[in-house]
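Colleague: Sequence and computational prediction follow.
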Amino acid sequence: MNIGILGLGLIGGSLGLDLLERGHRVIGVSRQETTCFQAIALGSVSEASTDMSRLQAAEVVFICTPLGLIVPKFAELISHLDDATVITDVGSVKTPIVEALSPLWENFIGGHPMAGSTNSGIEAAQRNLFAARPYVLTPTTTTPKKAISTVSEIVLSLGANIYHCQPEQHDRAVSWISHLPVMVSSSLIATAMSEREQDVLELAQKLASTGFRDTSRVGGGNPELGVMMAKYNRQALLNSLQQYRQNLDELIDLIEQENWIKLEEKLQSTQSSRRQFNV
Ligand code: NAP
């Protein structure tokens with residue numbers, strides 16, 4: 001199959017590595033020529049160019065640009081494509097994208113691979129990034145079955161597990177488990193940095209081990225992606241953050257009151273709740 005990828009970064013580049021390995025012809029388009037050369041050298045695409053019209057030959061196009069560019073680039077993209085071409089995107093927020101793009105292209109289906117890394121750009125691309133990870137598809141009532149099955153077959157070939165849901169449900173769900181953690185983790189790093197005594201701060205930095213590594217990882221990721229999450233999933237994220245603040249206040253109260261019994265009950269409850277998440 002001829003598969004196009006628009007935006008050769010972490011996600012687009014990783015997708016290309018797997019698709020090329022599975023025998024597809026992968027046509028890459030990116031903003032910078034150097035990225036195109038790099039993608040070819042890495043074995044992420046069969047061919048690559050900065051010229052969007054090259055995607056004319058694709059039967060399916062994955063839009064993998066930064067979140068804020070998906071809608072603007074789409075308008076330019078469709079001027080080069082045949083109506084039968086299936087388009088999907090990998091954006092981390094779905095409602096504004098699906099609302100804007102579905103009316104413009106019958107064969108569009110929103111998508112979001114729940115896989116990533118704290119690095120970005122083509123040099124961060126990796127094989128099997130999507131294997132055994134959830135991959136959300138958000139078809140609407142008017143999405144043609146053939147478009148859904150075409151994208152689903154490709155996604156399944158990556159070894160990913162497909163979930164279908166409404167764009168709004170997706171955005172609320174990822175707010176809890178992806179967007180809120182980025183903001184919490186970022187505040188954690190900022191709070192640790194607020195230690196006033198330089199010697200103590202340096203000691204903390206040296207003593208930081210697995211606990212801090214795990215909890216600070218997503219806060220140390222791509223800032224552009226974090227801003228996009230907040231901008232495009234603002235309401236759901238605000239709701240999650242307000243709920244989080246309430247939980248934090250409860251913890252502060254319990255510790256101030258030296259209510260160790262209640263604190264233990266709370267920690268026992270979160271210990272057992274964590275098992276209900278797919279991690
Ligand atoms: P990224 O590594 O920064 O890659 C985005 C790529 O898009 C860049 O390498 C850039 O290529 C290219 N690009 C920028 N402007 C462009 C333009 N005008 N035309 C064509 N290409 C352009 O970002 P990413 O992490 O792969 O994220 C891409 C998408 O995946 C986002 O929509 C994000 O929401 C979604 N997503 C990210 C993650 C994650 O954990 N990172 C997970 C799931 C989904 P050049 O080098 O050519 O400028």
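Modeller: Right, received. Where do you want to start?

Colleague: Now for the residue of the stretch 151-279 of the chain found nearest the ligand, how many residues are close by?
Modeller: Residue nearest to the ligand within the stretch 151-279 of the chain: residue 225 (5.5 Å; C-beta to the nearest ligand atom). Every C-beta, even on glycine, is put in place using the N, C-alpha and C of the backbone. Using other C-beta atoms under 10 Å, the number of residues around residue 225 comes to 19.

Colleague: can I have the host helix or strand of it written out in PDB, keeping just the CAs?
Modeller: Residue 225 belongs to helix 223-232 when assigned by DSSP states H and E. Included here for helix 223-232 are C-alpha records, laid out as PDB according to Å, rounded to 0.1, in the frame of the first residue of the first chain:
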ATOM      1  CA  PRO A 223       7.100  21.900  26.200                       C
ATOM      2  CA  GLU A 224       5.400  22.600  22.900                       C
ATOM      3  CA  LEU A 225       3.300  19.500  23.200                       C
ATOM      4  CA  GLY A 226       2.300  20.400  26.800                       C
ATOM      5  CA  VAL A 227       1.100  23.900  25.700                       C
ATOM      6  CA  MET A 228      -0.900  22.300  22.900                       C
ATOM      7  CA  MET A 229      -2.500  19.900  25.300                       C
ATOM      8  CA  ALA A 230      -3.600  22.800  27.500                       C
ATOM      9  CA  LYS A 231      -4.700  25.000  24.600                       C
ATOM     10  CA  TYR A 232      -6.700  22.400  22.800                       C
END
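
Colleague: ok, then the element right after it?
Modeller: Reading on from helix 223-232 to the C-terminus, the next helix or strand found by DSSP H and E is helix 234-256.

Colleague: for the helix or strand that that next one is followed by, which positions count as buried?
Modeller: Per DSSP H and E, helix 234-256 leads on to helix 260-274 as the next helix or strand towards the C-terminus. Residues of helix 260-274 classed as buried: residue 263 (neighbour count, 16 or more other C-beta atoms under 10 Å).
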